[in-house]
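Asks: okay, sequence plus prediction incoming.
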Amino acid sequence: MAALGRVALLLSFALVAYALAAGSFAAYTRRRRLALSAQNALLAAFGTTLVAAGVLLAALARHDFSFVYVASHTSRSLPLGYTLSAFWGGQEGSLLLWLLILSGYSALAVWLNRRSRQLITWVVPVLGGVATFFAFMLCFVSSPFDQAVAPADGAGMVASLQNPYMLAHPPMLYLGYVGLTIPFAFAMGALLSGRTDERWIVATRRWTLAAWTFLGVGQLLGAHWAYVEIGWGGYYAWDPVENAALMPWLAATAFLHSVMIQEKRGMLKVWNMVLVALAFNLSILGTFLTRSGVVNSIHSFSQSSIGGWFLGFIVVCVLFSVAIIYLRLPLLRARTKLESLVSREATFLYNNLLLVALALTILWGVMYPLLTQAVNGETRSVSKPYYDFFLHSFGLPLLLLMGIGPLVAWRRASLRALGKTFVIPAVTALVTGVALIAVGLGSSTPGLLAYTFSAFVLASIVLEFVRGTRATGSLRRLVAKNRRRYGGYVVHASVLLLAIGVAGSSAYQTIRESGLKPGQSMEVAGYTLTYRSLENTQQSNSQTTSATVDVYRGGSHLSTLHPGKSFFPVEQDFGNDVAIYHDPRNLGDVFTIADQFDKNGTLFLKVLVKPLVNLVWAAGFLFVFGSLVALWPDAVEQRRLAERYEPGAAVARG
Amino acid sequence: MALALALGAVLATLVVVFVARPFLREPAPASDRLDEPGAAERLRLELLESRDRALAALKELEFDHRTGKVTDDDYREQLGPLRRRAAETLRALEPRAEARPERIGSGR
C-alpha cells in the first residue's frame, strides 16, 4: 500500500502546485473558470492527503515494518494508542499531519467562502503556495512511505512520548500552527487583490480565534506532559521548542486585540498586516525548530536534515510578506487617529507593544545560540534568568493592563471617570498586597506584584460583569450582545488563574531531597512522607520499579503514592514515573520523583510542594470556555455583515 | 502493488475530473470574466463600514456612559460629533441605495 500513499502524495503535490500556479494566473487575468478549477484543486488536495494519511495509519495499525517510518517509530509491544500516535511522533508523519490539516483547513475556508469569489480568488494561490512546500517536502525530501526489508520488530518509541498527553498535545499544537495560515492567506490575498476593506478580517475572525485557542490548549497540554513525564517538577523550562509555540501565540494574541481597533476605528491596518504575517512566519519557524533539531531541546528526539529547506521557505515567506505589505502601504493608510493616550484603544496598543516585545525577546533568546554558532562557531545558550527578566518586565505590566483596559472608555477617558472606575480594583489590589506582606508572602517581589495585579484584574473583570449586567438588565443579555468581549474577559480570567498558579508554584514552592530506607520519613512544607516498600511490575512495553510512599499532614493519612522508573527494553530507554498528590486545600501538589534506587534498598526521593499549581490546569478549562463564548456565532452581527458584503443586499432592503 | 497502483489511477482520474469540472460544465460560457467590484461598489462598501463603525461608536459611548466609564459631561461632549458622523455616513449611503452597484465583467 506504500505505492498508494506515494501516488496520493504526488497527487496532493500536483493539486496544490496547480492551485498556486493556475490560481495566481486566474486571479491576475481574471479568468473565472480557471479560478474555480484552482479552488477545486485545493478541495481535492484534502481528499488525496486524507488517502495518504489513511495509508500511513493503516500501516501503523498493522505493524507493517516494511514502512521505514513504522519500523523506526513503533514496535510490536507498543500499545495501539501510542502506535497510532507515532503518526506525529516522527518527522515525516508530522509533516504529513501539517499537510493534512492545512489542506483540510484550506478546503473548509474555500467552501465556506465559495460565494465570496472576489475575496478568495487571491487566497487560493497563497494557500496553495504554503501547501506546495509541505507537499514537496513529503514527496521528494522526507517521505513517510519509504520502504525497506521489514525487520522482525520495530525500534519502538522514545519513552517520554509514551504518555497519554502525547495523543493530544502535538495535534492541538499543529491545529494551532497551521490554523494561522488561514488569516495569513486571507490577509495576503486582500493585499494582492488591492482590497483592504475589512472583509478579510470578518472572514478570518473565527479562524484566528480557533487557531489561537488550539495553540494555547496545545501548550498547556505540553506543559502538563512535561510536568508528569519529564520528572523535574516543572512545566515550562523556556525550552526552545516550547518557546517556538509561545511566540506565534503571543503574536496572535496581539493581533486578536489590535484587529478590534481596526474594526471599531479603522486604524492600525498596517500593524494588523504585520502581526498576521508575524504570527504565520513564527508558526513556520516553530515547526522548523521542532522538526529540524537545530537547537538543543527536550524535544531533540526529532533531529533531521530538513532544516535548510525550512530556512529557505521561512526566508521566502518573510520576504513575500514584507514586500507585499510595503507595496500596498498606500492602500493601508488610516483615516482616523488615536484621540487620546488614555483610552481603550490606547491600552490595546500598549498591550500590543508589550506582547510583541515579549515575543521578539523570546525570539532573540531562541535564535542567539544559532547565531553565535553561525558567526563564532561556538554555541552560547540563553538561560532562564534572561527569560524570567523579560517575563517580569513585560508580563507583569501586561497583567496589569488586562485590568486597566476594561475600565477605560473608548476614544478618550477623563480623569474623573477613571477615578470612579478605578477605585474598587485599586483598593482590592492594595488590600491584597498588604495582606500578603502581613502573612509573610512578600519574600518574592515578582510573586507579590503578580498577586497584587491579579487582584486588580479580578476586581476589574467582576466589576465589568456587574456594571454591564446592571446596564442591560441580565447577564445573559449582556453576554449575548457582545460575546467576543465577554468571552474575552473569561479568557482574561483564565490568564489570571494561570498567573496565580505560576507565581504560587514557582515563587513559593519548596523542594527537598532525601535518601530513605523502608520505614523512614521526611518532612516537606508541613507534609510527612514515609517510604514503605519497593516493587517491580511488568507491562506490555516496559518494566517498572516503583516505591510505595505514604503522605501525611498533621497526622492524617492523605494518600499513598508510587513514584518509580520504567525501563523500555525495545527502546533501551528509561522513563520517570512521577507520583503526585493533589491537595484540594491549597490547590497545590505534593510532587514526588524516585531519583534513584540503591542496592541496599535506599530510595533517593525528591519532593516538591507546589502550592496553587492546579490553577494552571484549571486555567486551561476556563480558557477553552471563554474562547467558545467568543467563538459562538452572533446571528444579529451575521445579518449585518451579510447585508454589508452581499452586493445589492442593501439596495434590496433600502 | 498492482492493486495500490490501480487505486492510485482511480484516484488520479477522479481528481482530474473534479479539477476540470468548471470547464466541463461550461465548455463555452458567455463570459469567463471574474466579477470585480467597480468604483461604486467599493465606495458603497467603504460607506457601509463607516456607517457600522459610527453606529457602533454611538452604542459604545452609550454603554460606557451607563456603566460609569464616561461622565455626563464627557458623554454630552462626545455624543454630538458621533451622531453627526453617523448621520453623514447614512446620508452618503442614501442616494446610492437607489442605484444598483456598478460592476464590471458580469461573469454569468
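Replies: Good, I have the coordinates. Numbers count the residues shown, from 1 in each chain, chains lettered A, B, ... in the order given.
Asks: which residue, other than its chain neighbours, is closest to A:L173?
Replies: For A:L173, ignoring the flanking residues on the chain, the nearest one in space by CB to CB, 6 or more residues apart in numbering or on different chains is A:G218 at 3.5 Å. C-beta here means a position set from N, CA and C on the backbone, and glycine is covered the same way.
Asks: I'd say the one you found and A:M172 touch.
Replies: Yes. The pair A:G218 / A:M172 is scored as a contact, 3.4 Å apart, by CB atoms under 8 Å.
Asks: got the phi/psi numbers for the residue nearest to the spatial centre of chain A?
Replies: Nearest to the geometric centre of chain A sits A:L215, at 2.4 Å (CA atoms, centre = their mean). Dihedral pair for A:L215: phi -60, psi -40, per degrees, to the nearest 10.
Asks: thought it was touching A:V178?
Replies: No. Contact criterion CB under 8 Å: A:L215 and A:V178 do not qualify, at 10.0 Å.
Asks: now do the contacts for the most centrally placed residue in chain B.
Replies: The centre of chain B sits closest to B:L45, judged by CA atoms, centre = their mean, with a distance of 6.9 Å. B:L45 is in contact with A:D197, A:R199, A:R644, A:Y645, B:P37, counting by CB atoms under 8 Å, 6 or more residues apart in numbering or on different chains.
Asks: cool, A:G447 as well?
Replies: Listed by CB under 8 Å, 6+ apart, the contact set of A:G447 reads A:L441, A:A503, A:G504, A:S506, A:A507, A:Y508.
Asks: would you mind giving the residues you listed as JSON lines with pLDDT added?
Replies: Below are the contacts of A:G447 laid out as JSON lines (pLDDT from 0 to 100):
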{"residue": "A:L441", "pLDDT": "79"}
{"residue": "A:A503", "pLDDT": "87"}
{"residue": "A:G504", "pLDDT": "88"}
{"residue": "A:S506", "pLDDT": "85"}
{"residue": "A:A507", "pLDDT": "82"}
{"residue": "A:Y508", "pLDDT": "85"}
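Asks: in helices, which of these appear?
Replies: Among the contacts of A:G447, DSSP state H puts A:A503, A:G504, A:S506, A:A507 in helices.
Asks: tell me the secondary structure at the closest residue to chain B within the stretch 301-450 of chain A.
Replies: Residue nearest to chain B within the stretch 301-450 of chain A: A:A409 (4.2 Å; CB to the nearest CB). Using DSSP: H, G, I helix; E, B strand; the rest coil, the structure places A:A409 in coil.
Asks: flag every buried residue along stretch A:620-634.
Replies: Going by neighbour count (16 or more other CB atoms under 10 Å in any protein chain shown), the buried part of stretch A:620-634 is A:G620, A:L622, A:F623, A:V624, A:G626, A:S627, A:V629, A:A630.
Asks: same check, this time on stretch A:315-327
Replies: A:C317, A:V318, A:S321, A:I324, A:I325.
Asks: including pLDDT, distance to chain B and secondary structure, could those residues go into CSV?
Replies: CSV is the format used below for these (pLDDT from 0 to 100; distance: CB to the nearest CB, whole Å; DSSP: H, G, I helix; E, B strand; the rest coil):
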residue, pLDDT, distance to chain B, secondary structure
A:C317, 97, 26, helix
A:V318, 97, 30, helix
A:S321, 97, 24, helix
A:I324, 96, 19, helix
A:I325, 96, 21, helix
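Asks: where does the prediction get shaky in the chain?
Replies: The chain I'm using is chain A. Within chain A, the stretches with pLDDT under 70 are A:293-304, A:646-654.
Asks: that's the wrong chain, I meant chain B
Replies: Residues of chain B meeting the criterion pLDDT under 70: B:95-108.
Asks: cutoff 50 now
Replies: Scanning chain B with the threshold set as pLDDT under 50 gives B:101-108.
Asks: thanks a lot, see you next time.
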